[in-house]
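Colleague: Sequence below, structure please.
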Amino acid sequence: MGYIELTKAPCNRTLEIMTVNDAGWVKRFESMGIRKGKYIRKIATQPFGGPIVIEVSGSKMSLGRNIAAKIEVEVLAHPSH
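Modeller: Here you go, the predicted model:
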């Protein structure tokens, strides 16, 4: 399966972060624990253009859709990661 934007990934699946498409955001994402190779879970997509809710290392956080679109992920076949 190819990489997709976090905004398009399915909810309640384990995702592996593959790339961040904005060099200016790399350090900010790393400070939040979002980096290449990290496993995350997308919990929800809020309606009406609202934020994307993800879980990273047991912590939940919301990312605006424009920010979440900078992150490309791979949906893992086995959600047990």
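
Colleague: how about the helices in this structure?
Modeller: Secondary structure of the chain by DSSP state H: the helices cover 26-31, 65-68.

Colleague: For the first one, the averaged confidence score.
Modeller: Read that as helix 26-31. Averaging pLDDT along helix 26-31 gives 92.

Colleague: So what touches that helix?
Modeller: 20, 35, 71 (C-beta atoms under 8 Å, 6 or more residues apart in numbering). In short, each C-beta sits where N, CA and C put it, glycine included.

Colleague: beta partners for the first one?
Modeller: When assigned by DSSP bridges, residue 20 has beta-bridge partners residue 71.

Colleague: Most tightly packed of the helices of the chain?
Modeller: The highest average neighbour count among the helices of the chain, using mean count of other C-beta atoms under 10 Å, belongs to helix 65-68 at a mean of 16.

Colleague: Counting by contacts, list what that helix packs against.
Modeller: The contact analysis (3 or more C-beta pairs under 8 Å, 6 or more residues apart in numbering; DSSP states H and E) places helix 65-68 against strand 52-56.

Colleague: could you give me the average pLDDT of the strand it packs on?
Modeller: 96.

Colleague: who does that strand pair up with?
Modeller: When DSSP bridges is applied, strand 52-56 pairs with strand 39-45 (antiparallel), strand 59-63 (antiparallel).
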